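Asks: Quick one: sequence and predicted model below, then my questions.
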Amino acid sequence: MIIVDFEKKLKAYNGQQALKLNHQFAAGSVTKIYGPSGAGKSTLLKVIAGLINPEAGTITVNGETWLDTTKQLNLSPQKRRVGFVFQDYALFPNMTVQQHLEYATTDADWIKRLLTIGRLEAFATHKPAYLSGGQQQRLAILRAIAIKPKVLLMDEPFSALDKEVKASLISDLKKLFAELNCTVLIVSHNQQELEAFEGTELYISGE
Ligand SMILES: Nc1ncnc2c1ncn2[C@@H]1O[C@H](COP(=O)(O)OP(=O)(O)OP(=O)(O)O)[C@@H](O)[C@H]1O
């Protein structure tokens, strides 16, 4: 269970805007996050990951306090150990596909399974510059899952994938999420693409 209750001022073009959220994400659930551009969807994920600090609030994950501004408690991103799929992938330019996954886990069988799920077996020795956009995006997803996180935060994770690849990947991810019992938050512009995930929806309006 993730319990968030915080307020973060956003640097919007039209002056100040705030992202205020008081919400509970059930353990092991998938939450699909929608809302207009600039509403603060990416900011929400980064606040949970500890990459952006809100002015005030609390975040509790599976009974552990990650943030409590009144107590000046703020767990570092390293200690939160969330899986994060960045909108722009944030891959390491000098690492091959295999090395990205080895950086996250030492379990060779697990790496093999991830490569199969991401259809990247034939590209294990390739660096990101030699991958297509869709392959890079799948690597970003695999790397985030490789650490077997209890919390997985995904920012537009399927935007570069075609329909067929997306459908088969989502079907595999559903099984993996259940196996890992991780709590997943997925930001998407496209409500339809997440239909296959059974889960709740959260609308961020930015008001
Ligand atoms: N570290 C930060 N501190 C304060 N405001 C920020 C920070 N990073 C981004 N912002 C501002 O927060 C607002 C929301 O950005 P965010 O990327 O969270 O929106 P979004 O809902 O994910 O949008 P999109 O759908 O276009 O990706 C923007 O106006 C942006 O300038």
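Replies: In hand now; what should we look at? In this text, all values refer to a predicted model and were calculated from it rather than measured experimentally. Numbering: from 1, shown residues only.
Asks: ok now the helix or strand bottoming out on mean pLDDT in the chain, how far from the chain's centre?
Replies: Lowest mean confidence among the helices and strands of the chain (mean pLDDT, DSSP states H and E): strand 15-25, at a mean of 89. Using CA atoms, centre = their mean, to the nearest Å, the distance from the centre of strand 15-25 to the centre of the chain it belongs to is 18 Å.
Asks: buried stuff in the helix or strand following it?
Replies: Next in sequence after strand 15-25, counting helices and strands by DSSP states H and E, comes strand 30-34. Along strand 30-34, the positions that meet the burial threshold by neighbour count (16 or more other CB atoms under 10 Å) are 30-34. C-beta here means a position set from N, CA and C on the backbone, and glycine is covered the same way.
Asks: would you turn the residues you listed into CSV with distance to the ligand and pLDDT?
Replies: Output for those, formatted as CSV (distance: CB to the nearest ligand atom, whole Å; pLDDT from 0 to 100):
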residue, distance to the ligand, pLDDT
30, 18, 97
31, 15, 97
32, 14, 97
33, 9, 97
34, 9, 94
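Asks: got TSV for the residues you listed, with distance to residue 121 too?
Replies: Formatted as TSV, the entries for those read as follows, by distance: CB to CB, whole Å:
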residue	distance to residue 121
30	27
31	31
32	30
33	31
34	34
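Asks: Could you name the helices and strands sitting against the longest helix along the chain?
Replies: With DSSP state H applied, the helix covering the greatest number of residues in the chain is identified as helix 163-180. Using 3 or more CB pairs under 8 Å, 6 or more residues apart in numbering; DSSP states H and E as the contact criterion, the neighbours of helix 163-180 among helices and strands are helix 108-117, helix 133-146.
Asks: Can you spell out which helices and strands pack onto the first one?
Replies: Right, helix 108-117. For helix 108-117, the elements it packs on are helix 97-104, helix 133-146, helix 163-180, judged by 3+ CB pairs under 8 Å, 6+ apart.
Asks: Show the contacting residues for residue 26.
Replies: Contact criterion CB atoms under 8 Å, 6 or more residues apart in numbering gives 1, 183, 200 as the residues in contact with residue 26.
Asks: Just the buried ones from those residues?
Replies: residue 183.
Asks: Looking at the contacts of residue 26, which one is closest to residue 166?
Replies: Within the set of the contacts of residue 26, residue 200 lies nearest residue 166; the separation is 20.9 Å, counting by CB to CB.
Asks: who in the protein is up against the ligand?
Replies: The chain has residues 10-12, 35, 37-43, 52 near the ligand, with proximity defined as CB under 6 Å from any ligand atom.
Asks: and those as JSON lines, adding secondary structure?
Replies: Formatted as JSON lines, the entries for those read as follows, by DSSP: H, G, I helix; E, B strand; the rest coil:
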{"residue": "10", "secondary structure": "strand"}
{"residue": "11", "secondary structure": "strand"}
{"residue": "12", "secondary structure": "strand"}
{"residue": "35", "secondary structure": "coil"}
{"residue": "37", "secondary structure": "coil"}
{"residue": "38", "secondary structure": "coil"}
{"residue": "39", "secondary structure": "coil"}
{"residue": "40", "secondary structure": "coil"}
{"residue": "41", "secondary structure": "helix"}
{"residue": "42", "secondary structure": "helix"}
{"residue": "43", "secondary structure": "helix"}
{"residue": "52", "secondary structure": "coil"}
